[in-house]
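A.B. asks: sequence? don't have it. structure:
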């Protein structure tokens, strides 16, 4: 990251970490006021560190959305967990998120990875999805977590409803150092449009196919060409799966499922780019790609 300006403001990097499906991506999108990180009801949707930038006259907060921390066995999942864990020692503040509706604090010590105890980085506990529990349960929940780790603050929020995020920002500003801006003030992310587009397509696969297929799916952008005069962007993409049976599911009878995925993705991509999009998607089988370190490297892991 290049330091963009010399003015001293509250400036630093924050990592959103925690178990899968606790709302990290939803929180990032809510804080930014726009969709940068893809979201689905299925756990382990996020595979990479997604960078969002919160800009204000008095601060710039770089927020990293990370994959969910879980017991991983496959190479892809191990790499996802490694990305999340490594982030903890590289940032100024950790925001460790849990799901209020699923949490059982007395049994949940295992969800606080050992590395959280080992790093010196200050950590805020974010109890998300408080809209799903009764208010009478909130104080006991906070107290139960308070005794498990020396958090700098415990903040209950509903990322989906943007409830409590102002308190989170206030707590973050207390912990962040003074420094220059890392990025220009007018950009919400450092991710490329190409990367966000492939994530949008992958999100639609997550939302429109069954349990097995999404986790065996990757997306590669083969062509991304913008025609300024025609105000048209042409995108060729390939959905990669591990088995022929999965290819059939993604394509669907008569190509119906693939058309649905493409149509839904195109609408979101047009919102992102602010112009018409011609999107063509193919499906390709790459057997056991999630367990192939060489192929994972080609995909950028």
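C.D. replies: Yep, that arrived. Because the structure is a prediction, the values reported are computed rather than measured.
A.B. asks: Could you point out which residue ranges in the stretch 51-200 of the chain have low pLDDT?
C.D. replies: 70-75, 77, 80, 103-115 (pLDDT under 70).
A.B. asks: which residues in it form strands?
C.D. replies: Counting by DSSP state E, counting those that start in this stretch, the stretch 51-200 of the chain has strands at residues 59-65, 93-99, 123-128, 153-156, 178-179.
A.B. asks: and the third one with strand 93-99, angle?
C.D. replies: To tie it back to what came earlier, the one meant is strand 123-128. Per axes from the mean of the first three to the mean of the last three C-alpha atoms, to 10 degrees, the angle that strand 123-128 makes with strand 93-99 is 30 degrees.
A.B. asks: tell me how far strand 123-128 is from the chain's mean position?
C.D. replies: Distance of strand 123-128 from the chain centroid (C-alpha atoms, centre = their mean, to the nearest Å) equals 16 Å.
A.B. asks: Indicate each strand paired with that strand and its parallel or antiparallel sense.
C.D. replies: Based on DSSP bridges, the pairing partners of strand 123-128 within the sheet are strand 93-99 (parallel), strand 153-156 (parallel).
A.B. asks: Looking at those, which is nearest to residue 129?
C.D. replies: strand 93-99 (5.3 Å; C-beta to C-beta). No exception for glycine: its C-beta is placed from N, CA and C like everyone else's.
A.B. asks: Pull out the buried residues from the closest one.
C.D. replies: Neighbour-count burial for strand 93-99, counted by 16 or more other C-beta atoms under 10 Å, picks out 93-99.
A.B. asks: What lies in contact with it?
C.D. replies: If you take C-beta atoms under 8 Å, 6 or more residues apart in numbering as the criterion, strand 93-99 is touched by 12-19, 21-24, 27, 88, 108, 111-112, 116, 119, 121-129, 145, 151-152, 168, 172, 175-176.
A.B. asks: Give me the subset of those residues lying in helices.
C.D. replies: 24, 27, 116, 145, 168, 172, 175 (DSSP state H).
A.B. asks: Hmm, the last one is touching residue 152, no?
C.D. replies: Yes - because the distance of 6.0 Å satisfies C-beta atoms under 8 Å, residue 175 is recorded as touching residue 152.
A.B. asks: Give the residues shared as contacts by these two.
C.D. replies: Jointly contacting residue 175 and residue 152 under the rule C-beta under 8 Å, 6+ apart are 93, 122, 124.
A.B. asks: coming back round to it: distance to residue 298 for the strands of the stretch 51-200 of the chain - can I get that in CSV?
C.D. replies: Below are those laid out as CSV (distance: least, C-beta to C-beta, whole Å):
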stretch, distance to residue 298
strand 59-65, 23
strand 93-99, 31
strand 123-128, 34
strand 153-156, 40
strand 178-179, 36
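A.B. asks: List the beta-bridge partners for residue 65.
C.D. replies: residue 16, residue 50.
A.B. asks: ok, it to residue 49 distance?
C.D. replies: 7 Å (C-beta to C-beta, to the nearest Å).
A.B. asks: Kindly report the same for residue 213.
C.D. replies: Counting by C-beta to C-beta - residue 213 and residue 49 are separated by 24 Å.
A.B. asks: Looking at those two, which one has more neighbours?
C.D. replies: Each of residue 213 and residue 49 has its neighbours counted (other C-beta atoms under 10 Å); residue 213 has more, 21 against 18.
A.B. asks: Would you enumerate the residues in contact with the more buried one?
C.D. replies: By C-beta under 8 Å, 6+ apart, residue 213 lies in contact with 205, 241, 246, 249-250.
A.B. asks: Then residue 257?
C.D. replies: 208-209, 249-251 are the contacts of residue 257 under C-beta under 8 Å, 6+ apart.
A.B. asks: what does the domain assignment say about the protein?
C.D. replies: Domain assignment of the chain by automatic domain parsing yields the ranges 9-179, 193-298.
A.B. asks: what would those look like in JSON lines with distance to residue 187?
C.D. replies: As requested, those are exported to JSON lines (distance: least, C-beta to C-beta, whole Å):
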{"stretch": "domain 9-179", "distance to residue 187": "6"}
{"stretch": "domain 193-298", "distance to residue 187": "12"}
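A.B. asks: Quick check: bridge partners of residue 282?
C.D. replies: Judged by DSSP bridges, the bridge partners of residue 282 are residue 238.
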